[in-house]
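S.K.: next one to model:
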Amino acid sequence: MKITFELADGSEIVADAEPGMRVKDAALAAGVPQITGDCGGNLSCATCHVLVTDDWVEKVGQPGEMEDVMLDMTAVARQDHSRLSCQIEMTEALAGLRVRVPE
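M.R.: So this is what the prediction gives:
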């Protein structure tokens, strides 16, 4: 399945993902800039911040309690639909997911 990462400059990177894979891991494999995932997905760095596009918010769901706390520590101010990509697990329902990568 595919995930599209919309970059701040208007370009896009389309990444491959398998069910069960984290969006962060697909971003790292595809070389998406600004997503570094320094903590390896352990909810301790917030370096995998993405903005879920409006049409995907319901399917992706809301952040959990720990993720909610970490979203207040992102390099780019938290916005509506902010998520940490390490906490979004790909499922068939998320095939074609689109997220924006903040500057």
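S.K.: for this structure, which segments count as strands?
M.R.: Ranges of strands in the chain, per DSSP state E, are 2-6, 12-16, 49-52, 82-84, 97-100.
S.K.: work out the sheet partners of the fourth one and label each with its direction, please.
M.R.: Paired with strand 82-84 in the same sheet, following DSSP bridges, are strand 49-52 (antiparallel).
S.K.: format the strands of the chain as JSON lines; extra columns: mean pLDDT.
M.R.: Shown next, in JSON lines, are the strands of the chain (pLDDT from 0 to 100):
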{"stretch": "strand 2-6", "mean pLDDT": "98"}
{"stretch": "strand 12-16", "mean pLDDT": "98"}
{"stretch": "strand 49-52", "mean pLDDT": "97"}
{"stretch": "strand 82-84", "mean pLDDT": "97"}
{"stretch": "strand 97-100", "mean pLDDT": "98"}
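S.K.: Gly37 is nearest to which of these?
M.R.: strand 82-84 (9.1 Å; C-beta to C-beta). Every C-beta, even on glycine, is put in place using the N, C-alpha and C of the backbone.
S.K.: nearest residue to the middle of the chain?
M.R.: Closest to where the C-alpha atoms of the chain average out (C-alpha atoms, centre = their mean) is Ser85, at 2.9 Å.
S.K.: show me the contacts for that residue.
M.R.: Taking C-beta atoms under 8 Å, 6 or more residues apart in numbering, we find Ser85 in contact with 22-24, 27, 35, 37, 48-50, 99.
S.K.: 6 Å instead?
M.R.: By C-beta atoms under 6 Å, 6 or more residues apart in numbering, Ser85 lies in contact with 23-24, 27, 48, 50.
S.K.: one step back: in CSV, list the strands of the chain along with distance to Thr91.
M.R.: Shown next, in CSV, are these (distance: least, C-beta to C-beta, whole Å):
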stretch, distance to Thr91
strand 2-6, 12
strand 12-16, 15
strand 49-52, 14
strand 82-84, 15
strand 97-100, 10
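S.K.: could those go into TSV alongside mean neighbour count and distance to Asp72?
M.R.: Output for those, formatted as TSV (neighbours: other C-beta atoms under 10 Å; distance: least, C-beta to C-beta, whole Å):
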stretch	mean neighbour count	distance to Asp72
strand 2-6	18	23
strand 12-16	15	27
strand 49-52	24	11
strand 82-84	24	10
strand 97-100	21	19
